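> Output the structure for:
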Amino acid sequence: MKAVSLKTIENMHESYQQNTHQKAIRRALAKNPMDSIAYVTEAEQNTQFRFSIDIETLPVTNQKASGRCWLFAGLNIVRELVAKKYQLKDFELSQNYQAFWDKFEKINYFLEAMDDFLTCDGDDRTLKHLLQMGIQDGGQWDMFVSLVDKYGIVPKDQMPETYASSNTAAMNKLINIKLRKYAAEARILASSHLLKEKDALKASVLEELYGFLCTNFGVPPTKIDFEYVNKQNEYNKSSFDSPKSFFDHLGLSLHDYVSIIDSPTQDKPYMRSYTIAYLGNVIGGKPIVHLNLPMSRLKELVIGQLKDKEIVWFGADVARDGDREKGIWDDQAYDYETAFQMHFSMTKEQKLDYLQGAMNHAMVITGVNLENGQPNKWKIENSWGADRGQKGYYLMSGTWFDQNTYQAVVHKKYLTEVELNAYQSKPIVLKPWDPMGSLA
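Down below sits the predicted model:
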């Protein structure tokens with residue numbers, strides 16, 4: 001390793017002092033945010049909220065200070081079917097109910113996973129990864145399917161939001177302390193060959209944390225009374241003996257939907273299926289499986305479903321090139337390279353391999369604009385409330401979508417036979433920290 005000499009720093013200082021462009025930028029940054037300095041006004045003409053395919057959907061939802069976007073996106077898809085069946089103009093399913101059981105199942109998943117690490121070296125990388133990750137709000141499509149399979153769905157008024165469900169940080173912190181404490185104690189018991197005591201501790205922690213979830217989220221309902229007024233202003237009431245039966249009567253098979261990813265990295269050849277070690281919530285639930293296809297094919301599949309008037313669950317990296325007030329993500333709207341006279345561009349492969357990009361937010365695609373058959377902008381139903389974007393709806397430019405979208409879920413009927421066979425083949429198991437295992 002080589003230290004930077006004082007002479008080198010002196011030369012850098014003299015060179016910078018002669019750069020009049022950076023002097024102007026420095027003065028502008030003293031009173032303005034960086035994004036404003038790099039903003040390209042001319043890009044606005046290409047990001048108007050007009051689309052050749054625009055599916056009408058219910059009003060947007062609000063996940064507030066939580067990371068439950070994947071649950072909101074999944075329930076936003078299912079609620080459209082409920083609204084269509086019952087002719088509703090405004091309706092939400094309980095995100096709190098889904099989050100309760102997701103947390104409970106993740107707790108059990110963690111406790112059971114620790115059995116694989118009772119006697120390993122304390123510096124084992126997988127153990128350290130699981131301990132560091134702990135329990136989070138995020139998830140993936142197949143995890144949503146597993147929850148619905150086991151626990152069904154309920155209308156929002158049957159289990160409304162609480163402060164804790166909408167503001168999850170403090171609750172998650174305590175859960176993770178409890179889980180890491182269990183891991184430490186379970187390893188001590190295992191080293192002393194006290195396996196019965198370890199199992200008793202596990203059962204005790206699970207019961208304690210179930211009660212903790214009830215205290216924070218409320219007690220999940222076991223029966224459903226579904227009251228509603230339809231578009232014709234007619235009052236109705238339907239009763240169901242369980243949340244599972246409420247979902248089952250809709251006749252929707254979530255297992256008919258396939259997760260497609262675009263991961264153009266050397267370790268993931270296209271036309272192969274993948275899963276991720278130690279990623280999941282419901283033990284024995286639907287395995288997490290992704291079919292890796294090129295972005296061009298992913299877009300074809302999404303557009304095919306949109307043309308059939310069905311919205312699409314998808315995941316992207318929304319941490320860059322966005323204006324949350326206007327509700328626009330557009331990589332052409334920010335020119336940092338000209339502003340700072342530095343190169344920042346990376347390929348999608350490089351971003352994945354060098355931890356610059358990964359899926360971190362799930363939403364629903366409700367529209368697209370096609371020019372000569374190609375998409376140049378996408379309409380997005382977000383879950384950040386109606387006070388941003390266009391009443392909560394967002395826009396993604398075509399180039400931004402290509403570079404920052406990593407996953408979409410489409411009905412299997414849109415896949416070719418070869419693609420479906422590839423999806424159904426034995427998946428390659430990726431390491432727990434692989435970017436395709438990131439939680440939206």
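
> From now on I want contacts and neighbour counts done on CA atoms only, so please keep to that.
Noted.

> Buried residues, whichever helix or strand residue 200 is part of. List them.
Element membership for residue 200, per DSSP states H and E: helix 195-217. Neighbour-count burial for helix 195-217 flags 198-199, 201-202, 205-206, 209-210, 212-213, 217 (criterion: 16 or more other CA atoms under 10 Å).

> what angle do the strand or helix carrying residue 184 and helix 195-217 make?
Taking DSSP H and E as the criterion, residue 184 maps to helix 169-191. If you take axes from the mean of the first three to the mean of the last three CA atoms, to 10 degrees, helix 169-191 sits at 170 degrees to helix 195-217.

> Show me what helix 169-191 is packed against.
helix 95-113, helix 195-217 (3 or more CA pairs under 8 Å, 6 or more residues apart in numbering; DSSP states H and E).

> Looks like residue 146 contacts residue 280 (just checking).
No - using CA atoms under 8 Å, residue 146 is not in contact with residue 280; the gap is 9.1 Å.

> Residue 234 versus residue 110, what's the distance?
Distance check for residue 110 against residue 234: by CA to CA, to the nearest Å, it reads 47 Å.

> how about CSV for the buried residues of helix 195-217, with distance to residue 59 and pLDDT added?
Formatted as CSV, these follow (distance: CA to CA, whole Å; pLDDT from 0 to 100):
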residue, distance to residue 59, pLDDT
198, 48, 98
199, 47, 98
201, 45, 98
202, 42, 98
205, 40, 98
206, 37, 98
209, 34, 98
210, 33, 98
212, 32, 98
213, 29, 98
217, 24, 98
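
> Export those residues as JSON lines, with columns for distance to residue 276.
What follows is the buried residues of helix 195-217, written out as JSON lines (distance: CA to CA, whole Å):
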{"residue": "198", "distance to residue 276": "27"}
{"residue": "199", "distance to residue 276": "26"}
{"residue": "201", "distance to residue 276": "28"}
{"residue": "202", "distance to residue 276": "25"}
{"residue": "205", "distance to residue 276": "26"}
{"residue": "206", "distance to residue 276": "25"}
{"residue": "209", "distance to residue 276": "26"}
{"residue": "210", "distance to residue 276": "27"}
{"residue": "212", "distance to residue 276": "29"}
{"residue": "213", "distance to residue 276": "27"}
{"residue": "217", "distance to residue 276": "29"}
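
> what's the nearest residue to residue 59 once chain neighbours are set aside in contact with, if anything?
What sits nearest to residue 59 in space, not counting adjacent residues and going by CA to CA, 6 or more residues apart in numbering, is residue 90, at 6.9 Å. Contacts of residue 90 were listed using CA atoms under 8 Å, 6 or more residues apart in numbering, and they are 58-59, 83.

> again with residue 290
258-261, 273-275, 423.

> One more: residue 368?
Here residue 368 is in contact with 51-54, 303, 306, 375-379 (CA under 8 Å, 6+ apart).

> Where does residue 116 sit: helix, strand or coil?
The three-state label given to residue 116 by DSSP: H, G, I helix; E, B strand; the rest coil is helix.

> Tell me where the model's unsure across the stretch 301-440 of the chain.
Within the stretch 301-440 of the chain, not a single segment meets pLDDT under 70.

> That one: strands as residue ranges?
For the stretch 301-440 of the chain, applying DSSP state E, counting those that start in this stretch gives strands covering 312-316, 322-323, 328-329, 361-371, 374-381, 393-397, 405-411, 428-430.

> Can you say which of the ones you listed is nearest to residue 11?
Of all the strands of the stretch 301-440 of the chain, strand 322-323 sits nearest to residue 11, with 36.4 Å by CA to CA.

> any idea how far that closest one is from the chain center?
18 Å (CA atoms, centre = their mean, to the nearest Å).

> Determine the set of other helices and strands touching it.
strand 328-329.

> tell me what the strand it packs on is packed against?
strand 322-323, strand 393-397.

> Direction included, what does it pair up with?
Looking at strand 328-329 with DSSP bridges, its partner strands are strand 322-323 (antiparallel), strand 393-397 (parallel).

> Buried ones in stretch 145-161, by neighbour count?
Applying 16+ other CA under 10 Å to stretch 145-161 flags 145-149, 151-156, 158-161 as buried.

> Out of those residues, which sit inside helices?
Among the buried residues of stretch 145-161, the members found in helices (DSSP state H) are 145-149, 151.

> Let's have the helices and strands packed on helix 169-191 in TSV, adding distance to residue 362.
Converted to TSV, the helices and strands packed on helix 169-191 look like this (distance: least, CA to CA, whole Å):
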stretch	distance to residue 362
helix 95-113	14
helix 195-217	22
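
> how far away is residue 378 from residue 348?
Distance from residue 378 to residue 348, by CA to CA: 19 Å.

> Neighbour count: the two, which is higher?
Neighbour count, other CA atoms under 10 Å: between residue 378 and residue 348, residue 378 has more, with 26 against 20.

> Go ahead and confirm the more buried one touches residue 399.
No - the criterion here is CA under 8 Å, and residue 378 misses it with residue 399 at 10.4 Å.

> Reformat the strands of the stretch 301-440 of the chain as a markdown table; add distance to residue 298.
Formatted as a markdown table, the strands of the stretch 301-440 of the chain follow (distance: least, CA to CA, whole Å):
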| stretch | distance to residue 298 |
| --- | --- |
| strand 312-316 | 11 |
| strand 322-323 | 22 |
| strand 328-329 | 19 |
| strand 361-371 | 13 |
| strand 374-381 | 12 |
| strand 393-397 | 16 |
| strand 405-411 | 7 |
| strand 428-430 | 20 |
